[in-house]
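>>> What follows is a predicted protein model with its sequence.
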Amino acid sequence: MKKALFLLLTAALLAGCGKETAKTAAPNAGDPALVAPGPDLLAQLKLATVTTQSVAETLRVAGRIDFDEQRLARIGATVTGRVTQIDALLGQAVSKGEVLARLNSSELSTQQLAYLKARAELELNRRNAERAKALFDADVIGAAELQRRQSEYQISVAETRAAADQLQLLGVSSAAIARLGSEGAVDSVVPVVATLGGAVVERRLAQGQVVQPADVLFVVADLSRLWAVAEVPEQQVSQVRTGQTVTIEVPALGNEKLTGKLIFVSQTINPETRTVLVRTELDNRDGRLKPAMLASMLIEGKPVDRMVIVASAVVRENDEDHVFIAEPEDVFRLVPVRLGPAQGGQRVVLSGLKGQERVVIDGAFHLNNERNRQALEAK
């Protein structure tokens, strides 16, 4: 009798344990997205209701550091000639007016001779006009002869002025032209001078090379101010405007954040890339920034009401973002969500939630481990 009673109690205890085990495993057995944590884990979880907040979304676009085109000079020769001397090296700092190279030009010699000839003709015709005036006053020649001499003199004045202007176009200064007129010494060497103070960033000539006025021999840039430029996708161009504050991250500087304002937003779209060019200006007096450095431009858009969750609520599963939402009877469901990038410890919910759900914001990682454990036991 006692043995029968013992067997009956043992069977009842085993049945009760089986029911408890079934109750714990039931949520995960039918749906692997569900998990029912034990009391200890449940006490560690923190939940919060999904709400909307005013969020200024940040647009991140790839860009680069570039020259300030308003502080860049492409310097060429003013005449056709052969390079006889190169004074400036690549990377060298130069001042405005400094000689960068020298050319020997037969074109310059020819023009100087033309100027000297025009001056000689001018002096001769001036004297003839003065003599004709004296003879006319003495009633030796008529008015027609006087006018002819004076007309020749005026033509010589115009020709001399044109010859001087041509020399100036070839890069000869007014002082050098005056010296040429007084001394009469023809000099076929013409200097190539810097039209801007800065650094020589390109040098495109060699000793003995024949160059023409269309050739760019040097590029000089003032690197104290540079541009950061980026291409904004067509779909996001409404988020950018001139005067907007932007943040620039430069990987070469350890992603240090630099602040600037958009000084230019293109009015046209690049038909090949479907992007719009934007530009900001950066102070570079310390010389840390270099043209062609890679950069990221972060453009803060207008604040809008968006659904957000804290970044700690996110669980990565199968390379996708998920969160746990609370269901009745201390059961939690893992749901996939599509989120924006983290910003200020929060992430904007793009899809997957409707709002007002209670989400696990602390302990989600451990809760997911428990869900995986229960799923394995269920199998």
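Arrived safely.

>>> for this protein, what are the low-confidence residue spans?
Within the chain, the ranges that satisfy pLDDT under 70 run 1-30, 379.

>>> where does the residue minimising distance to the centre of it land in three-state SS?
Nearest to the mean C-alpha position of the chain, counting by Cα atoms, centre = their mean, stands residue 229 at 1.9 Å. The three-state assignment at residue 229 reads strand, by DSSP: H, G, I helix; E, B strand; the rest coil.

>>> Just the helices from the stretch 1-150 of the chain, written as ranges.
Ranges of helices in the stretch 1-150 of the chain, per DSSP state H, counting those that start in this stretch, are 2-30, 39-44, 106-137, 143-169.

>>> now do the stretch 151-300 of the chain
For the stretch 151-300 of the chain, the helices defined by DSSP H, counting those that start in this stretch occupy 174-183.

>>> mind listing the strands in it by residue range?
According to DSSP state E, counting those that start in this stretch, the stretch 151-300 of the chain carries its strands in the segments 189-193, 198-203, 210-211, 216-221, 225-233, 245-250, 256-265, 275-283, 294-310.

>>> and the end-to-end length of stretch 261-279?
8 Å (Cα to Cα, to the nearest Å).

>>> repeat for stretch 315-328
By Cα to Cα, one end of stretch 315-328 lies 21 Å from the other end.

>>> outside of it, which residues touch it?
34-35, 47, 309, 313-314, 332-339, 352-353, 357-360, 364-365, 367-368 (Cβ atoms under 8 Å, 6 or more residues apart in numbering). The C-beta positions use only the backbone N, C-alpha and C, and glycine is treated the same way.

>>> wouldn't residue 171 be in contact with residue 79 here?
Yes: Residue 171 lies in contact with residue 79 (Cβ atoms under 8 Å); the separation is 6.9 Å.

>>> Mind checking which of these two has more residues around it?
Counted by other Cβ atoms under 10 Å, residue 171 and residue 79 do not tie: residue 79 has more neighbours, with 23 against 18.

>>> need the contact list for the more buried one.
For residue 79, the contacting residues are 103, 105, 107-108, 170-171, 190, 213, by Cβ under 8 Å, 6+ apart.

>>> are any of those residues buried, and which?
The neighbour-count test (16 or more other Cβ atoms under 10 Å) marks 103, 105, 107-108, 170-171, 190 as buried among the contacts of residue 79.

>>> Nearest to residue 53 among those residues?
Residue 53 has its nearest neighbour among the buried ones among the contacts of residue 79 in residue 171, at 64.8 Å by Cβ to Cβ.

>>> ok so residue 360 is a helix residue?
No: counting by three-state DSSP, residue 360 is located in no helix; its state is strand.

>>> Report how many residues lie close to residue 230.
25.

>>> if I look at the nearest residue to it once chain neighbours are set aside, how far off is residue 209?
Leaving aside its sequence neighbours, residue 230 sits nearest to residue 63 (Cβ to Cβ, 6 or more residues apart in numbering; 3.1 Å). Distance of residue 63 to residue 209, computed by Cβ to Cβ, to the nearest Å: 36 Å.

>>> From the neighbour counts alone, determine which of these two ranks first.
residue 63 (25 against 15).

>>> That one against residue 249, yeah?
No: using Cβ under 8 Å, residue 63 is not in contact with residue 249; the gap is 9.6 Å.

>>> Let's see the distance spanning stretch 303-317 from one end to the other.
End-to-end for stretch 303-317, by Cα to Cα: 31 Å.

>>> residues shared between the contacts of residue 63 and residue 249?
Residues touching both residue 63 and residue 249 (Cβ under 8 Å, 6+ apart) are 295-296.

>>> contacting residues for the nearest residue to residue 217 once chain neighbours are set aside?
Once flanking residues are discounted, residue 217 sits nearest to residue 205: 4.7 Å by Cβ to Cβ, 6+ apart. Neighbouring residues of residue 205 by Cβ under 8 Å, 6+ apart: 83, 86, 101, 211, 215, 217-218.

>>> before we move on, what about residue 302?
56, 239.

>>> From residue 63, how far off is it?
Distance from residue 302 to residue 63, by Cβ to Cβ: 21 Å.
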